[in-house]
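Asker: with the input below, show me the fold.
(one chain, ligands or ions: 1)
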Amino acid sequence: MATKNFNLSQLTGEKTYTEIVFNQVWGKVEAYRKTHGQQKIFMMAFGDTTQPLPPTVVEAIVDAANRLGDPQTYTGYEDITGNLALRKAICGNYYQKKMSIELEPSEVFISDGAQSASVNIQELFALDNKVAVQNPAYPAFVEATLLAGRPLVSLSCDEENNFVPDLPSEKVDLIYLCFPNNPTGAVATYEQLQAFVDYARSHKAVIVFDAVYSSFITLPNIPRSIYEIEGAKECAIEIGSFSKTANFTGLRIGWCVIPDALTIKNTVPGELNNLWRIRHGIKFWGTANVAQYGAIAALSSNGQEQCQEVINYYLKNARLLRNGLEATGLKCFGATDSPFIWVKAPQGLSSWQFFDKLLESTGIVGVPGCIFGSSGEGFLRLSVLGQHEEIKAALEYLES
Ligand code: PLP
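Answerer: Take a look at the predicted model:
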């Protein structure tokens, strides 16, 4: 007799981010649309990109598609851990050139985005492993932990700690850290990340470091990769993505680094890397080859220049909107090193009250901070991955 997955059944009834956004946020927007006729709506809720793929990437994808259409050049499955040229480009053009970090291509696994990489990685670890997650957090980290039935520990991030959590006060086994952070936009310093690496090494814990917004960092002296921290290769897995830096949200491609030096209880160097390779063979046979050729092009020097233009475009949006919000007296965080603005609700309003007020007065739609965790109560997240023109038009409503 088949029985349902109990843990999954506990996540129904609008307990997940996606359900809440699609039902409650969307429901309020629809109601607003009905009562406000022609009033413009400025959708700043979703972390989805709006700019086109860089031209170098488009060219590479078209070339790849043409090769697939020709019997002389057709290829089928790629290496299940990812195209070797792509893994070499991630090691050479990204980690080595940008941060002087030495990694072997065999330590890099290509995935169909950071979402699946960051949550599936839990399968490397036993079910009783205790998972620490920032609060507020990118919701998938919490939801995947609950789905697996692992114990969850919350690391509070607030104005007092600049949205960088203190070390866990109890012993934990896995620690999700995301910097630059979604939703708060916060970044962590070398010293703050060193403290987490030291904690992980002394407790034989593993840090899962989500660095998908690393290319947005503009502040000086902020690490872009956990491997810039001494000892991190022994205790950290890093997750990267092409989604927000190269507008690949629809192409679906990311990566995950499992250094050979990473060990936990009863493992030898290289063992976890090998286990993940085996898991790839069981559950994943690689991401689309055209997407991988696009990603190789994004990491070429032309590609990187064009990707930087995309990032600058979004960061300009961020500056414009943050300045506009602050001019109205709102307190804002983030926006300098990530495409998110974390806005404090005025006059003690709750996240949802602030959401309603902003929508009603300006047509701007954000995501109530409480959906990202209890410590997000009293905040609203705005995404600036939209078009300049939209941001400028929204500013006019804010000012009026
Ligand atoms: N991690 C964080 C912190 C994100 O904000 C996102 C997307 O918004 C992801 C992972 C997922 O990225 P991908 O599109 O590569 O799956």
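Asker: can you report how many residues lie near the residue of the stretch 101-250 of the chain found nearest the ligand?
Answerer: Using Cβ to the nearest ligand atom, the closest approach of the stretch 101-250 of the chain to the ligand is made by G113 at 2.7 Å. C-beta coordinates here come from the backbone N, C-alpha and C atoms, glycine included. Applying other Cβ atoms under 10 Å, we find 21 residues neighbouring G113.
Asker: who touches it in this structure?
Answerer: Neighbouring residues of G113 by Cβ atoms under 8 Å, 6 or more residues apart in numbering: S241, S243, R252, I253, G254.
Asker: relative to V343, which of the residues you listed is nearest.
Answerer: Closest to V343 out of the contacts of G113 is S243 (23.2 Å), distances taken as Cβ to Cβ.
Asker: which pLDDT does the model give the closest one?
Answerer: Note on S243: pLDDT of 97.
Asker: also G13?
Answerer: pLDDT for G13: 89.
Asker: how far off centre is stretch 180-191?
Answerer: Offset of stretch 180-191 from its chain centre (Cα atoms, centre = their mean, to the nearest Å): 12 Å.
Asker: buried stuff in stretch 386-400?
Answerer: For stretch 386-400, the neighbour count (16 or more other Cβ atoms under 10 Å) marks G386, E390, I391, A394, L395, Y397, L398 as buried.
Asker: that one: how far from the chain's middle?
Answerer: Relative to the centre of its chain, stretch 386-400 is centred 25 Å away, using Cα atoms, centre = their mean.
Asker: who touches it?
Answerer: Stretch 386-400 is contacted from outside by 40, 42-44, 50-51, 313, 316-317, 320-321, 324-325, 327-328, 361-364, 384, using Cβ under 8 Å, 6+ apart.
Asker: name the residues of this protein found near the ligand, please.
Answerer: Listed as neighbours of the ligand in the chain under the rule Cβ under 6 Å from any ligand atom: 47, 113-115, 118, 138, 178, 182, 210, 212, 241, 243, 249, 254.
Asker: hmm, G231 and D198 touching each other?
Answerer: Yes - counting by Cβ atoms under 8 Å, D198 touches G231, with 7.2 Å between them.
Asker: quote the end-to-end distance of stretch 11-20.
Answerer: 11 Å (Cα to Cα, to the nearest Å).
Asker: go through that stretch and flag the buried ones.
Answerer: Residues of stretch 11-20 classed as buried: T16, Y17, I20 (neighbour count, 16+ other Cβ under 10 Å).
Asker: what do you get for stretch 149-163?
Answerer: For stretch 149-163, by 16+ other Cβ under 10 Å, it's R150, V153, S154, L155, C157, D158, F163.
Asker: just to be sure, the fourth one is in a helix?
Answerer: No - under the criterion used here (DSSP: H, G, I helix; E, B strand; the rest coil), L155 is strand, not part of a helix.
Asker: for the residue nearest to it when sequence neighbours are not counted, give its distance to I101.
Answerer: Of all residues not flanking L155 in the chain, P165 sits nearest, at 3.5 Å (Cβ to Cβ, 6 or more residues apart in numbering). Separation of P165 from I101 (Cβ to Cβ, to the nearest Å) stands at 24 Å.
Asker: likewise for T75?
Answerer: According to Cβ to Cβ, T75 stands 30 Å off from I101.
Asker: neighbour count: those two, which is higher?
Answerer: Between T75 and I101, counted using other Cβ under 10 Å, the more crowded position is I101 (19 against 10).
Asker: buried among the contacts of stretch 386-400? Need that as a selection in PyMOL.
Answerer: Restricted to buried positions by 16+ other Cβ under 10 Å, the PyMOL selection for these reads:
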select buried, resi 42+43+44+50+51+313+317+320+321+324+325+362+363+364+384
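Asker: narrow the contacts of stretch 386-400 to those in helices?
Answerer: Using DSSP state H, Y313, K316, N317, L320, L321, G324, L325, A327, S361, T362 are the members of these that sit in helices.
Asker: ok, the second one - contacts?
Answerer: When contacts are counted by Cβ under 8 Å, 6+ apart, K316 touches H388.
Asker: before we move on, what about the last one?
Answerer: For T362, the residues meeting the contact criterion (Cβ under 8 Å, 6+ apart) are F42, A394, Y397, L398.
Asker: repeat the analysis, applying 7 Å as the threshold.
Answerer: Taking Cβ atoms under 7 Å, 6 or more residues apart in numbering, we find T362 in contact with A394, Y397, L398.
Asker: one more: the fifth one?
Answerer: By Cβ under 7 Å, 6+ apart, the residues touching L321 are I341, L382, V384, I391.
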